[in-house]
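Novice: below are the sequence and a predicted model; questions follow.
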Number of protein chains: 2
Amino acid sequence: MQGVNLHPSIRVRKTPFWDRVVESGVQSCSVYNHMLLPVMFESYESDYYHLKEHVQIWDVSCERQVEIRGPDAFKLIEILTPRPIHSLTPGQCAYLPVVDQFGGMLNDPVLVVLAEDRYWLSLSDSDYLYWVLAIAAMKKFNVDVFEPDVSPLGVQGPKADNLMVKVFGEKLQQLKFFQFLTVEFNHRTHIVSRSGYSKQGGFEIYVEGTQNGIPLWDVLMDAGIEFNVRAGSPNTPERIEGGLLSYGSDITRNDNPYECGLGHYCDVAQTPNCIGYGALMQILEEGWSREIRYLEIKGSKVPPCHTPWPIKVGNQDAGKVTSAAWSPEFNINVAIAMVEKEFWDAGTEVEVVAPDQARSAIINEKSFV
Amino acid sequence: MQGVNLHPSIRVRKTPFWDRVVESGVQSCSVYNHMLLPVMFESYESDYYHLKEHVQIWDVSCERQVEIRGPDAFKLIEILTPRPIHSLTPGQCAYLPVVDQFGGMLNDPVLVVLAEDRYWLSLSDSDYLYWVLAIAAMKKFNVDVFEPDVSPLGVQGPKADNLMVKVFGEKLQQLKFFQFLTVEFNHRTHIVSRSGYSKQGGFEIYVEGTQNGIPLWDVLMDAGIEFNVRAGSPNTPERIEGGLLSYGSDITRNDNPYECGLGHYCDVAQTPNCIGYGALMQILEEGWSREIRYLEIKGSKVPPCHTPWPIKVGNQDAGKVTSAAWSPEFNINVAIAMVEKEFWDAGTEVEVVAPDQARSAIINEKSFV
């Protein structure tokens, strides 16, 4: 897509931080949940090294929230997922595989437990609100389902703690992974969780109110000068190294949670109300024949991966690569792939048919970090 | 978004025609239903004049189909819409407002009646498949709901008939607006309807099978040389002049069909199974206080509209502009707006607060062509 500009329209929504994103020199962006998502500032490589050494502010407003609020909120969420949620308490976040009646993945949101009758689903890239709203309607549940004016801002990188403690105080240091607390800013209360779409550590601030976006961005940037802060974004090689999956690329509605390697989040026998209960019980009984794996692709730097690349072993179809990038630090190509059972054991040598040339590749036991 | 590149990823799907779109010199594109949508080739203005004089081939693959197939297909569609569908027969298309339990617009697809038990919903920009699939699950309907490998290709402009008759024969000339017939190409049967997102006339070919995209593109381009064919796309000033609405910009889930000026498609009393029946009956009884209108905005050329522009009358909030562009042919700014009742009468003078400067504007009776 080199050289193709993104056309402006209302349908592709700007974020509350967008003016600052532009001033920070954004060069490439994507569209995610009908909203702009910056993806590159200086270069993919310098963004990558900076993220691993310092701290970055990420405009991830496109992780839109579905708020579910009301007496039947818990009952509604139980229908959505094969992950038992009864032990979760306010202040916790939980990665939530959500499925259709066939066990197909519809999204992979983070559930934010705000109260016993109030939840956010912080979405990956699909209009999952439509699904939740339809279920609520058909079950005649007493809930409100809506998208609140909440835009996540990521603070990611090894110096994220320094910056957040400086701005919001010591309590941020104590926050555990996938837990949240609240902070005050501009006379509003905002949720801050220890989470984010990188393996470098950090936080996500769920900024309440569009008008508070730019003031908060400015405060973080000013306070961060001593930590070498700059604007950044989810970085493809870094997230592949860390085994972070992308809905729409690595995960689709054609894949079930087990194929996606998310079985450890599920306990279907404990979730009889889940809409995918019957399908998933059958899948558990019969097994599945492909699963997500991490690959090291040998040879020269791979081109950008914007169509699935076939994986072959001899003449046999062994699966497809769904994310791939050159890792500047490890000096190898890292990849995520859906691999057929016969070939999914660690150490298996396969061939990846990239558009420029085929390359040898090795199935890894785990992700790279 | 001047100068911001679109980042390639699998999540933002390429179309079957994409290689040819790039070779044709696409300069700007958008993302629509998680798929690339070209929006500008030479310049917005020269694309506009060419569309009005000759014939263009449009890659509108992003108008994805939801196929609904099976014994309960008709019953399922009856739940989705306040438009009575019992009189539609195979071979017909119908513009279909589809709503949630509150009467809010979820999409504005074209319904393609393939058979009594087989339908396509040709979507605007939202994952409406999620809604349809959820309703089918909760009602335990005997239907399949899926996205087929079908990618619409538009043939638009005053010479569209010449080109289509040359390629597919005389029967195309007889085809009435919003009716379809089938053609054979590459040993596959494809639906061709007289329809499209312009007011210049033309067809949409629902291309079956990704592999048939490029061969068909090439045949049309070769046959079209004598008609001055070239690659084109939906054109913002042309579609605003014609009053063609854009879901996500002019229409959202916060708007009901009456507010969107789509009341003439609805007959709620005749659709008691529609999920929005109760809400829409109440709206009919109580009335609504804003409605889509067409505006002529005076003064200099407006900038691109990528956030809603407030409309004022004195200090009063009179609505918002949701689409606006300079019309090269009419030498005025044309716009679509959601206007408050007090100000929606034709001839009312209002003020549009565009980002560069405020401008005087007049409410029109109808769209411009």
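Specialist: On my side now, so go ahead.

Novice: use CA for all of it now, contacts and neighbours both
Specialist: Noted.

Novice: per-residue pLDDT of A:Thr210, please?
Specialist: At A:Thr210, the model reports a pLDDT of 98.

Novice: list the contacts of it.
Specialist: A:Pro16, A:Asp149, A:Val150, A:Ser151 (C-alpha atoms under 8 Å, 6 or more residues apart in numbering or on different chains).

Novice: need the residues of the stretch 101-250 of chain A near chain B, please.
Specialist: A:101, A:126-128, A:130-131, A:133-135, A:137-138, A:247-249 (C-alpha under 8 Å from any C-alpha of the partner chain).

Novice: let's go with 6 Å and repeat that
Specialist: Within reach of chain B by C-alpha under 6 Å from any C-alpha of the partner chain, the stretch 101-250 of chain A has these residues: A:Asp127, A:Tyr130, A:Trp131, A:Ala134, A:Gly248, A:Ser249.

Novice: now, those that are in helices?
Specialist: The helices, defined by DSSP state H, take in A:Tyr130, A:Trp131, A:Ala134 from these.

Novice: how about these in JSON lines, adding distance to A:Ser9, pLDDT and neighbour count?
Specialist: JSON lines is the format used below for those (distance: C-alpha to C-alpha, whole Å; pLDDT from 0 to 100; neighbours: other C-alpha atoms under 10 Å in any protein chain shown):
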{"residue": "A:Tyr130", "distance to A:Ser9": "22", "pLDDT": "98", "neighbour count": "24"}
{"residue": "A:Trp131", "distance to A:Ser9": "26", "pLDDT": "98", "neighbour count": "24"}
{"residue": "A:Ala134", "distance to A:Ser9": "28", "pLDDT": "98", "neighbour count": "22"}
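
Novice: longest strand of chain A?
Specialist: The single longest strand within chain A, with elements called by DSSP state E, is strand A:316-327.

Novice: returning to what we had before: which among the contacts of A:Thr210 end up buried?
Specialist: Neighbour counting with 16 or more other C-alpha atoms under 10 Å in any protein chain shown marks A:Pro16, A:Val150, A:Ser151 as buried within the contacts of A:Thr210.

Novice: in contact with the second one, which residues?
Specialist: A:Val150 makes contact with A:Tyr206, A:Val207, A:Glu208, according to C-alpha atoms under 6 Å, 6 or more residues apart in numbering or on different chains.

Novice: burial of the nearest residue to it once chain neighbours are set aside, as a residue count?
Specialist: Distance criterion C-alpha to C-alpha, 6 or more residues apart in numbering or on different chains; nearest residue to A:Val150, sequence neighbours excluded, is A:Glu208 at 4.6 Å. Using other C-alpha atoms under 10 Å in any protein chain shown, A:Glu208 is surrounded by 19 other residues.

Novice: distance of A:Glu208 from B:Lys199?
Specialist: 42 Å (C-alpha to C-alpha, to the nearest Å).

Novice: in strands, which of the contacts of A:Val150 fall?
Specialist: Per DSSP E, the contacts of A:Val150 map to strands at A:Tyr206, A:Val207, A:Glu208.

Novice: now those as TSV including distance to B:Asn107?
Specialist: Compiled in TSV, those are given as follows (distance: C-alpha to C-alpha, whole Å):
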residue	distance to B:Asn107
A:Tyr206	28
A:Val207	28
A:Glu208	28
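
Novice: distance between the helix or strand harbouring A:Glu291 and the chain's centre?
Specialist: Assessed by DSSP states H and E, A:Glu291 sits inside strand A:290-297. On the basis of C-alpha atoms, centre = their mean, to the nearest Å, strand A:290-297 sits 18 Å off its chain's mean C-alpha point.

Novice: ok, now stretch A:165-178?
Specialist: 22 Å.

Novice: repeat for stretch A:259-276
Specialist: Remark: stretch A:259-276 is offset 19 Å from the chain centroid, using C-alpha atoms, centre = their mean.

Novice: other residues contacting that stretch?
Specialist: If you take C-alpha under 6 Å, 6+ apart as the criterion, stretch A:259-276 is touched by A:78-83, A:100-103, A:257, A:290-292.

Novice: what of stretch A:338-348?
Specialist: So stretch A:338-348 is in contact with A:Ser289, A:Arg290, A:Glu291, A:Ile292, A:Ala318, A:Gly319, A:Lys320, A:Ile362, A:Ile363, A:Asn364, A:Glu365, going by C-alpha under 6 Å, 6+ apart.

Novice: please name the nearest non-neighbouring residue to the first one.
Specialist: With C-alpha to C-alpha, 6+ apart as the criterion, A:Ser289 has its nearest non-adjacent residue at 5.0 Å, and that residue is A:Lys341.

Novice: what backbone torsions are found at that neighbour?
Specialist: phi -50, psi -40 (degrees, to the nearest 10).

Novice: how many neighbours does it have?
Specialist: 13.

Novice: got it, and the one 4 residues further on?
Specialist: When counting by other C-alpha under 10 Å, one arrives at 15 neighbours for A:Asp345.

Novice: distance check, it against A:Leu175.
Specialist: From A:Asp345 to A:Leu175 the distance is 37 Å (C-alpha to C-alpha).

Novice: same deal with A:Glu116?
Specialist: Distance from A:Glu116 to A:Leu175, by C-alpha to C-alpha: 21 Å.

Novice: returning to that earlier point: need the contacts of A:Thr210 in a markdown table with secondary structure, distance to A:Asp108 and pLDDT, can you?
Specialist: A markdown table is the format used below for the contacts of A:Thr210 (DSSP: H, G, I helix; E, B strand; the rest coil; distance: C-alpha to C-alpha, whole Å; pLDDT from 0 to 100):
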| residue | secondary structure | distance to A:Asp108 | pLDDT |
| --- | --- | --- | --- |
| A:Pro16 | coil | 24 | 98 |
| A:Asp149 | coil | 21 | 98 |
| A:Val150 | strand | 18 | 98 |
| A:Ser151 | strand | 18 | 98 |
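
Novice: quick one: the residues you listed as TSV, columns for distance to B:Gln179 too.
Specialist: Compiled in TSV, the contacts of A:Thr210 are given as follows (distance: C-alpha to C-alpha, whole Å):
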residue	distance to B:Gln179
A:Pro16	44
A:Asp149	42
A:Val150	44
A:Ser151	44
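
Novice: A:Val145 and A:Gln65 touch, don't they?
Specialist: No - if you go by C-alpha atoms under 6 Å, A:Val145 and A:Gln65 don't touch, sitting 10.2 Å apart.

Novice: pull the helix or strand with minimum mean pLDDT from chain A.
Specialist: Least confident helix or strand, chain A: strand A:5-6 with a mean of 92, by mean pLDDT, DSSP states H and E.

Novice: please see if it touches chain B.
Specialist: Yes - using C-alpha under 6 Å from any C-alpha, strand A:5-6 reaches chain B at A:Asn5, A:Leu6.

Novice: now the element after that strand, going C-ward?
Specialist: Past strand A:5-6, the next helix or strand by DSSP H and E is helix A:18-23.

Novice: give the buried residues for that next one.
Specialist: Residues of helix A:18-23 classed as buried: A:Trp18, A:Arg20, A:Val21 (neighbour count, 16+ other C-alpha under 10 Å).
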